[in-house]
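Student: 3D model of this:
(4 chains)
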There are 2 protein chains.
Amino acid sequence: MNNPDHSLESLHSKNIKPSYPRIKILEYLMNNHTHPTVDEIYLALVEEMPTLSKTTVYNTLKLFLDNELIKSISIENNESRYDATIHTHGHFKCECCGDIYDFDMNVDGLLSGDLHGFTIIEKSIYFKGICKKCSLRS
Amino acid sequence: MNNPDHSLESLHSKNIKPSYPRIKILEYLMNNHTHPTVDEIYLALVEEMPTLSKTTVYNTLKLFLDNELIKSISIENNESRYDATIHTHGHFKCECCGDIYDFDMNVDGLLSGDLHGFTIIEKSIYFKGICKKCSLRS
DNA sequence: ATATGTGCAAACTGTTTGCAGCCGC
DNA sequence: GCGGCTGCAAACAGTTTGCACATAT
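Tutor: All right, here's what the predicted structure looks like:
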């Protein structure tokens, strides 16, 4: 579990005013590395903050993205997912249960350096398949 | 340029009735490896086929996907792109001009075999950055 | 008092669905 | 004539935008 102050520090380090929704959303992302969708974040927090709106979640996530506090993940084209992990890693999405797992793989070693004049800013590695849980169940 | 018969053969091999829209859409994907969106495919073909509808493009692409004639690509979460190339390769999307380039990289060698019970069905490698053209221009 | 954050409602985009007409065999 | 292909129109989901109210300094 992450220390609650962690999100506060991060906000300060980027000069983002630490409003209550912002703290809570960042905290949620730091504590839950489940790559949640906007909807999941909203539903998880609206209980505790009944006035929270999805617009605020969208606004806040965009702010975090711009300040590189979080990353957005697009494995599937219809759903945007978010993650507060900074270092790049691989993702595995189970086509059966939909869960997304992290893979600790060295992405940096992959095709870095000069690529005929192409500058690489971001690398993404996505796998799809059947996870352990699901293959044992069938 | 691809031989026009190529698409016909592919349709036959999957037992898909070769209707005019189907031939044309598959032909377009085989001749244009630009990873087009549904809109781009539609706009490119509607001139020649004025009655073509986007629904047909969607239907047809879904049919091709189910029969593994094409692949769908999701670098950005809002746009689905399609490609008729069978063998997996890396993609590079320029954040400046939006063009997508192919990378011939050996994806198969990456983390294959048994992964603690996870079965990998599909591997995707996406890079983002600035392409040669754009970095020379600035 | 001013600037900024929040959140409702409406607009918008990409995609899916229901259904009626059409075509080929 | 039948099954399946096509395509209009409407529904739908995720996201964005406009704007008014609230809040903090």
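
Student: can we go C-alpha only for contacts and neighbour counts from here?
Tutor: Fine.

Student: how about the residue of chain A most remote from its centre, what does it touch?
Tutor: The centre of chain A is farthest from one residue, A:H116, which by CA atoms, centre = their mean lies 31.0 Å away. Contact analysis of A:H116 by CA atoms under 8 Å, 6 or more residues apart in numbering or on different chains lists B:K132.

Student: Quick check: it vs DNA strand D, distance?
Tutor: Shown here: A:H116 relative to DNA strand D, a distance of 32 Å by CA to the nearest atom of the strand, to the nearest Å.

Student: any idea which helix or strand carries A:Y58?
Tutor: In this structure, A:Y58 sits in helix A:54-66 according to DSSP states H and E.

Student: before we move on, what about A:E27?
Tutor: Using DSSP H and E, A:E27 falls within helix A:20-31.

Student: counting contacts, what elements does that helix pack onto?
Tutor: helix A:5-13, helix A:38-46, helix A:54-66, strand A:81-83 (3 or more CA pairs under 8 Å, 6 or more residues apart in numbering or on different chains; DSSP states H and E).

Student: Could you see whether chain B lies near the third one?
Tutor: Which is helix A:54-66. No. Contact of helix A:54-66 with chain B (CA under 8 Å from any CA of the partner chain) is absent, the minimum separation being 14.1 Å.

Student: Is that helix in proximity to DNA strand D?
Tutor: Yes. Against DNA strand D, helix A:54-66 shows contacts by CA under 7 Å from any atom of the strand at A:K54, A:T55, A:Y58, A:N59.

Student: and A:Y82, how many neighbours does it have?
Tutor: By other CA atoms under 10 Å in any protein chain shown, the residues close to A:Y82 number 21.

Student: Quick one, grab the pLDDT at it.
Tutor: With respect to pLDDT, A:Y82 scores 95.

Student: is chain B contacted by the longest strand seen in chain A?
Tutor: Under DSSP state E, the strand in chain A containing the largest number of residues is strand A:119-130. Yes. Using CA under 8 Å from any CA, strand A:119-130 comes into contact with chain B via A:T119, A:I120, A:I121, A:E122, A:K123, A:S124, A:I125, A:Y126, A:F127, A:K128, A:G129, A:I130.

Student: got JSON lines for those residues, with distance to B:R81 and neighbour count too?
Tutor: Formatted as JSON lines, the residues of strand A:119-130 next to chain B follow (distance: CA to CA, whole Å; neighbours: other CA atoms under 10 Å in any protein chain shown):
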{"residue": "A:T119", "distance to B:R81": "22", "neighbour count": "19"}
{"residue": "A:I120", "distance to B:R81": "21", "neighbour count": "19"}
{"residue": "A:I121", "distance to B:R81": "21", "neighbour count": "11"}
{"residue": "A:E122", "distance to B:R81": "19", "neighbour count": "14"}
{"residue": "A:K123", "distance to B:R81": "18", "neighbour count": "20"}
{"residue": "A:S124", "distance to B:R81": "17", "neighbour count": "20"}
{"residue": "A:I125", "distance to B:R81": "17", "neighbour count": "19"}
{"residue": "A:Y126", "distance to B:R81": "16", "neighbour count": "20"}
{"residue": "A:F127", "distance to B:R81": "18", "neighbour count": "22"}
{"residue": "A:K128", "distance to B:R81": "17", "neighbour count": "21"}
{"residue": "A:G129", "distance to B:R81": "20", "neighbour count": "18"}
{"residue": "A:I130", "distance to B:R81": "24", "neighbour count": "22"}
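
Student: Tell me how chain A divides into domains.
Tutor: As given by automatic domain parsing, the domain ranges for chain A are A:4-82, A:90-137.

Student: ok, now which ones touch the closest residue to A:Y28 other than its chain neighbours?
Tutor: Nearest non-adjacent residue to A:Y28, counting by CA to CA, 6 or more residues apart in numbering or on different chains: A:I41, 7.6 Å away. Counting by CA under 8 Å, 6+ apart, A:I41 touches A:I25, A:Y28, A:V57.

Student: which among these gets closest to chain B?
Tutor: Using CA to the nearest CA, A:V57 comes nearest to chain B of the contacts of A:I41, at 17.2 Å.

Student: Can you report how many residues lie near the closest one?
Tutor: By other CA under 10 Å, 19 other residues sit near A:V57.

Student: do the same with A:D83
Tutor: 20.

Student: if I look at A:N59, how far off is chain B?
Tutor: Distance, A:N59 to chain B, by CA to the nearest CA, to the nearest Å: 17 Å.

Student: Fine, thanks again, bye for now.
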